[in-house]
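Chemist: What would the 3D arrangement of this be:
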Amino acid sequence: DTDFDTVDENTGNMEDDLATGFMDEEVLEQIVSGEKLHLLYLKMNTKIPITTEGVIIGRSSKQAQFIISGNGNVSRKHARVFMSGGEYFIENYQPPNGTFLNGLRLQNGEIEKIEKGSEIILAGEEFKVV
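Modeler: Predicted coordinates for the structure are as follows:
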């Protein structure tokens with residue numbers, strides 16, 4: 001095994017061992033600028049960082065990292081917001097009172113991409129991706 005580039009016999013083009021691919025410009029900009037998105041809980045004006053581990057939102061202090069109290073319609077473990085590959089997502093668990101992304105109800109178990117400006121409602125509790 002060498003560290004030298006090789007020439008493709010058919011095309012004459014240089015080849016190397018590094019794979020290349022294309023990335024969405026917005027995703028690249030977020031990575032380059034280091035911009036990290038947050039979930040803003042509008043009721044309390046609280047910013048929640050979105051990480052690769054993610055944050056589970058719910059009303060149970062045993063099952064969720066971000067607790068919403070005072071709303072019995074929020075499930076113990078309602079939804080999770082996380083980052084993967086420089087993109088951001090919401091994972092809907094199985095809440096009977098629903099999770100809405102930009103006005104559309106998510107199905108149980110559904111994972112959807114979220115972006116800056118996305119609006120999320122969990123059993124009437126409003127969040128915005130900022």
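
Chemist: low pLDDT regions in this protein?
Modeler: 1-34 (pLDDT under 70).

Chemist: can you give me the helices for this protein?
Modeler: 25-33 (DSSP state H).

Chemist: all strands of it, in order?
Modeler: Using DSSP state E, the strands of the chain run over 6-7, 14-15, 38-41, 46-49, 55-58, 66-67, 79-84, 87-92, 99-101, 104-105, 111-114, 119-122, 125-129.

Chemist: Can I get those strands in TSV including mean neighbour count and distance to N73?
Modeler: Placement of C-beta: from N, CA and C, glycine included. Output for the strands of the chain, formatted as TSV (neighbours: other C-beta atoms under 10 Å; distance: least, C-beta to C-beta, whole Å):
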stretch	mean neighbour count	distance to N73
strand 6-7	10	62
strand 14-15	10	58
strand 38-41	19	16
strand 46-49	12	19
strand 55-58	22	11
strand 66-67	16	14
strand 79-84	20	13
strand 87-92	20	15
strand 99-101	20	11
strand 104-105	10	14
strand 111-114	16	21
strand 119-122	20	9
strand 125-129	19	9
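
Chemist: Identify the residue spatially nearest to I120, adjacent ones excluded.
Modeler: F127 (4.3 Å; C-beta to C-beta, 6 or more residues apart in numbering).

Chemist: residues in contact with R105?
Modeler: G98, T99 (C-beta atoms under 8 Å, 6 or more residues apart in numbering).
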